[in-house]
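Engineer: from the sequence below, what's the structure:
(3 chains)
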Amino acid sequence: MSIVFIAFQANEETRPIVDAIVADNPAATVQHSPGLVKIDAEGCLTVKRASIEERIGRPYDLQELNVNLITISGHLDEDDDEFTLAWKD
Amino acid sequence: MDMKATQKKMSLKDRYRHLTRGLDWETTYQPMDVVFPYDKYEGIKVHDWDKWEDPFRLTMDAYWKYQAEKERKLYAILDSFNQSNGHLNVTDARYINAIKIFFTAVPQVEYMAHRGFSIAGRQFRGVGPRVACQMQAIDEIRHAQTQIHTASNYNKYYNGINAFVHQYPRMWYQSVGKSFIDDAITGGPFEWMVAIGFSFEYVLTNLVFVPFVSGAAYNGDVGTMTFGFSAQSDEARHMTLGLECIKFMLEQDPDNLPIVQGWIDKWTWRGTRFLSLIGAMMDYMLPKRVMSWREAWDIYFEQNGGALFRDLARYGIKVPDCVAQAAEAKEHVSHQLWAALYQWNFGTMFHTWIPSPEELDWLSAKYPDTFDKYYRPRWEMWAQMEKEGKRYVNAGGLGANCQVCQFPMIFTEPGDPTKLCHRQTVYKKEKYHFCSDHCQHIFENEPEKYIQSWLPVNQMLQGNMGGGGLEEFFKWVHLRPGIDNMGFEGSEDQRNFAQWRGMATTNS
Amino acid sequence: MQIDLRTVEIKPLRQTFDHLAERFGDKPATRYQEGTYDIQQTWLYHYRPTWEPDLEIFDERRTRIRMKDWYDFKDPRQYYYGAYTIARAKQQEAADSAFAFAVENGMVEALPERSRELMLQFLVPARHAEWGANMNNMFMSAYGYGTAFEAACNYAAMDRLGIAQQISRIGLALGGEEALHAAKELWLRGASWQPLRRYLEDSFVVKDWFELFVAQNLVLDGLLYPFLYRHLRTLISADGNAFHGLATKFMSDWDSEATRWVDAIVKTAVAESAENKLLVSEWAFDYFGRGTEALAALAVAAFGSDAEAVVGVITDELKARLQKLGIWEGE
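Structural biologist: Modelled structure (predicted):
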């Protein structure tokens, strides 16, 4: 299975986002490099709005991810509740 | 309460569809083929533009909101970095030479990307790709400008960045990047999307903006880290657009496959050659290193690109032939390029140096199969020559440029790293030179395009670079020999940095 | 080791880049200057475009206007990307709250039938005209000469997409998806919209980017914006409902700002030479005639017997503006 990934700038705003992703994708692995945090997962990775909202205590629009996003890999499917990266092979 | 409450009933996908799709219409007072004259001549067949899937569904209100937030953050950090003389916090003034290479080439390439996407953002007849290209067009001018704005403060204190506008078309090695992007923009809109949207953005830019920018962060360059990561946040959208465009073409008509495959082959190689420069920067110019070029290549090209090509296999897309050569070359190119920059340093606007003994050991560890065998001996010999006051300079000139990628003949034969690779062919009674089989194939597919190449070596010989002599060349290219270039040891940059840092750390 | 470096007074080697020092002297440049001047290359193109092999990638011959220095087309707002997006984000935020206020306070439901119909018939179809304006400004960004001119056109193109989307939101608020379908039908087949659609489609095949600038940004916008956002608003507000005004705040603010840019560009081109002045005057005269026809068709349908007066006011104002720019002779 191929790896999908998402990377964010490492800062206060992205901490709860990364925590939410890790909680929702138990098989994902997190790597820290200077200035950035990269999350790898096999095949598929989902970012859930509800999980982020739970951690930040306010409504969250998944398009806010754009502000701190560094890169992604995989086909993207985004709706109001989930932001999913996946390979189809 | 905000807008969202009132629109809650409608999903993101529906909202986007209403606010974007459906804005366009079939023209009747003028024929569609006259209104959109350029989206058919490349041979790509499109039966239904509505089948285009928008991956990121940003409407302009959201676009302005999030981009403004990014810009506010970026300029706040940049202002504070500049006001506090943040440049003196970089690990070592040698580092600044890496970003000189970046600042003198990349903003101009980004600007060309902006223009190319403006063209695509006008010329695609489907509203989905057109809007996505328009957003990318404006993002790309953002990148050019934020890079220039970051360079601005470095330019005040260090040499070599001041003439970037003059040097972009004039500097010999800059023709590598310039010919790359000029090649893409002179293709049609679909080839543009494969060249930049797919091959460059999806397969290759991660290599520039992720490990290299992380390297900038590691070396204390908060300015470069900030614009780099901020730019890359737009790239996530751009990569997705490139991938979507490939899928769209392949799903529209089976006849599109060979055309798309040809472009992927061509642009993967063009991009790979261009990015060798980043390899040299990562392996040789960063005082503190996050990872080697080869490691970055493994993660971002082989692993990530591999996943991509496995995914595209269902459409019949094959991994480009050049990937095999690139896999071998990842062990060599950064060393070969740094050696080239060292020996022709008199013609560049940055300083070079010989890796320190610790750095040589790091390179040996990172390149166990190649470094000690092929490259360490040369550096040790050149170090010895420097010690004896006889720094090696290749006064014999550059030799020939590759007619396609425009690098001088500095890369070696696949399978034999001791032998320079050189190919040639005759077209309409003229002889043309190439650095590799892949560049030769690119030429042979479109000879009428590449015979137009403006090659620095030929132009120099014909007296078109200031007159013919070296002195005239320096003036023409805005270079101050010995101040802007040659050894870092003893340079004005080195002296100033040491003095300014000294002022900050002592009371005198 | 983090050192407090702020305390160090160090003398810069130079204040700015060579190309800016050549233009403005060696002094600190503004971010607008740094991000704009001389960024587009002007020579040494490796290859001719496969899509237009007779010309270079950037080629002064794509317009009949001639300038000694294309960077005279500077933007009075001095927009570089950051300044531009931050300005628009603020405007959008204000527009969003005005719109939300109107919707939440029941102004849509309270809209008298006549006003509602006026908006559905004369405002909502204009989303397509905005999309046309977006296309035209992208054309100018793609083929215009010099970063100063073309970058501002890219911003303008995005503005027009934003406005098209704002009008679409109004349509959705007034009548959901159906309202948008009906508006498109009017745009494609409604008799009063056809002259405007023809005007735009004809502009899509204009190859001279400065001619297109005159056709779109000077003349057509100069006629349509006062119609949609002043006269139509007055007519609708006469029914005692502020929805139109609150929902289209962005457009009126945008128009007064953009007009300053458009006038600055035209003034500069005209001041350059008698030849430019003649060309721009001819274009303005030609498009003024066609644009007035398009406006009149809409005005008759919306204003009935008052149409002549409305068109008279709008065209007089535009004539006065063109006169001030030196490209309209006589009355």
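Engineer: if we go by neighbour counts, what in stretch B:480-493 is buried?
Structural biologist: B:484, B:485, B:486, B:487, B:488, B:491, B:493 (16 or more other CB atoms under 10 Å in any protein chain shown). Where you see a C-beta, it was placed from the backbone N, CA and C, and this is true even at glycine.
Engineer: what stretches of chain B score poorly on pLDDT?
Structural biologist: B:1-9, B:397-398, B:507-508 (pLDDT under 70).
Engineer: please, where are all the strands along it?
Structural biologist: B:351-352, B:412-413, B:416-420, B:423-427, B:430-434, B:486-487 (DSSP state E).
Engineer: ok, the fourth one near chain C or not?
Structural biologist: No: counting by CB under 8 Å from any CB of the partner chain, chain C has no neighbours in strand B:423-427; the shortest distance is 15.3 Å.
Engineer: so residue C:48 lies in a strand, does it not?
Structural biologist: No: Residue C:48: not assigned to a strand; according to DSSP: H, G, I helix; E, B strand; the rest coil it is coil.
Engineer: in stretch C:321-331, what counts as buried?
Structural biologist: Buried-residue list, stretch C:321-331, by 16+ other CB under 10 Å: C:321, C:322, C:325, C:327, C:328.
Engineer: quick revisit: point out the most buried one among the strands of chain B.
Structural biologist: Comparing these by mean neighbour count (mean count of other CB atoms under 10 Å in any protein chain shown), strand B:351-352 comes out on top with a mean of 25.
Engineer: which elements pack onto that strand?
Structural biologist: Packing partners of strand B:351-352 (3 or more CB pairs under 8 Å, 6 or more residues apart in numbering or on different chains; DSSP states H and E): helix B:333-343, strand B:486-487.
Engineer: mind giving me the packing neighbours of the first one?
Structural biologist: The one in question is helix B:333-343. On a contact count with 3+ CB pairs under 8 Å, 6+ apart, helix B:333-343 meets helix B:256-280, helix B:293-296, strand B:351-352.
Engineer: and the ones you listed: which comes nearest residue A:68?
Structural biologist: Shortest distance between residue A:68 and the helices and strands packed on helix B:333-343, using CB to CB, is found for helix B:293-296: 21.7 Å.
Engineer: tell me the contacts of the spatially closest residue to residue C:318 that is not a sequence neighbour?
Structural biologist: The shortest distance from residue C:318 to any residue other than its chain neighbours is 4.5 Å, reached at residue C:222 (CB to CB, 6 or more residues apart in numbering or on different chains). Neighbouring residues of residue C:222 by CB atoms under 8 Å, 6 or more residues apart in numbering or on different chains: C:259, C:291, C:317, C:318, C:321.
Engineer: nearest to residue C:241, of those residues?
Structural biologist: Using CB to CB, residue C:317 comes nearest to residue C:241 of the contacts of residue C:222, at 26.0 Å.
Engineer: so which strand or helix has the closest one?
Structural biologist: Residue C:317 belongs to helix C:307-324 when assigned by DSSP states H and E.
Engineer: residue A:7 belongs to a strand, doesn't it?
Structural biologist: Yes: checked against three-state DSSP, residue A:7 lies within a strand.
Engineer: list the residues that contact the residue of chain A with the smallest separation from chain C.
Structural biologist: With CB to the nearest CB, the shortest gap between chain A and chain C falls at residue A:67, namely 12.3 Å. Residue A:67 makes contact with A:13, B:66, B:69, B:70, B:73, B:233 under the criterion CB under 8 Å, 6+ apart.
Engineer: ok, 10 Å please
Structural biologist: Applying CB atoms under 10 Å, 6 or more residues apart in numbering or on different chains, we find residue A:67 in contact with A:8, A:9, A:13, A:14, B:65, B:66, B:67, B:69, B:70, B:73, B:230, B:233.
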